[in-house]
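S.K.: below are the sequence and a predicted model; questions follow.
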Amino acid sequence: MQEENLDKSLEIANLIQQNFTKKLHRVDRKVKQDNFQVLRETIMPSVLIELGFLTYKPEGAYLNSINGQVQMGKAIADAIKDYVDHLRLNTVKEEKFNKVNTVINNNTVINNNEVEFKIQIASGKNKIETKPYNFKGLKNIEIKEVEGFFKYYYGVTTNYNEAVESLKTAKSAGYDSAFLVAFKNNEKISITESMKMQ
């Protein structure tokens, strides 16, 4: 469980640290990993935040001020909100799967060169090199920047059935929240809309 939450904990910690350094221009103390019991014994993503040193007068004055406390608290809250928003982007809606299952049950085969299917496996504010070791062994990862987020796609194909198989592969690799997306002329369209084009 700890291993499963490590990446998530590091992601939250990085978002918090970015807010401290970029928004508040605080000292960059970097994100570090350690084996503290308060982190080790948790069953969810967790971070231990060092805001500064009260004994260092400039930092102490800032951290003891109402303004400093509000700013630091807001930076932490904003980072957590960004993380939750990122999770929502990666959450699979049950409705989408119901539609996909309907298509499979009807044995509909889609092979239209105008529609391209991809499996979105991740999304985040940090750009990650698209090497297999960064994506649980999955190869040929495609990256696309959308409104400040980097979205990562696997299994790009014009064949719907191949896309469904790629979705299964991504899920078996550990991307439980992976989902199918469709594009036409590089513009994202709904799966339902892609079906109507057949």
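M.R.: Received the coordinates, thanks.

S.K.: so how far is stretch 149-166 off the chain centroid?
M.R.: Put simply, stretch 149-166 sits 17 Å off its chain's centre (C-alpha atoms, centre = their mean, to the nearest Å).

S.K.: what's the mean pLDDT across that stretch?
M.R.: Mean per-residue pLDDT for stretch 149-166: 89.

S.K.: what residue is smack in the middle of this structure?
M.R.: When C-alpha atoms, centre = their mean is applied to the chain, the residue found nearest the centroid is S123 (3.6 Å).

S.K.: my read: N140 touches V156, true?
M.R.: Yes: N140 is within contact range of V156, at 7.2 Å (criterion: C-beta atoms under 8 Å). Glycine gets a C-beta too; all of them are placed from N, C-alpha and C.

S.K.: tell me which of these two has more neighbours.
M.R.: Per other C-beta atoms under 10 Å, whichever of N140 and V156 has more neighbours is V156, with 16 against 12.

S.K.: partner strands of the helix or strand where that one lies, parallel or antiparallel?
M.R.: If you go by DSSP states H and E, V156 is part of strand 149-157. When pairing is defined by DSSP bridges, strand 149-157 lines up against strand 115-124 (antiparallel), strand 142-146 (antiparallel).

S.K.: of these, flag the one that's most buried.
M.R.: strand 115-124 (a mean of 22; mean count of other C-beta atoms under 10 Å).

S.K.: how far off strand 149-157 does the lengthiest helix in the chain point, in degrees?
M.R.: Looking across the chain with DSSP state H, the single longest helix is helix 66-89. Inter-element angle recorded for helix 66-89 and strand 149-157: 10 degrees (by axes from the mean of the first three to the mean of the last three C-alpha atoms, to 10 degrees).

S.K.: what does helix 66-89 contact?
M.R.: Surrounding helix 66-89, the residues in contact under the criterion C-beta atoms under 8 Å, 6 or more residues apart in numbering are 8, 11-12, 15-16, 18-20, 23-24, 49, 51, 61-63, 123-125, 149, 151, 177.

S.K.: again, 7 Å this time
M.R.: Applying C-beta atoms under 7 Å, 6 or more residues apart in numbering, the external contacts of helix 66-89 come out as 11-12, 15-16, 19-20, 23-24, 49, 51, 62-63, 123-125, 149.

S.K.: ok, stretch 9-26 next?
M.R.: By C-beta under 7 Å, 6+ apart, stretch 9-26 touches 28, 31, 45-47, 49, 71, 75-76, 78-80, 82-83, 124, 126.

S.K.: among these, the buried ones, what's the PyMOL command?
M.R.: Listed next is the PyMOL selection for buried residues among those, using 16 or more other C-beta atoms under 10 Å:
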select buried, resi 31+45+46+47+71+75+76+79+82+83+124
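
S.K.: max pairwise distance over the contacts of stretch 9-26: which two?
M.R.: Q71 and G124 (24.3 Å; C-beta to C-beta).

S.K.: where in the chain is pLDDT low?
M.R.: 1-6, 87-113, 198 (pLDDT under 70).

S.K.: domains in it, as residue ranges please.
M.R.: 2-89, 94-196 (automatic domain parsing).
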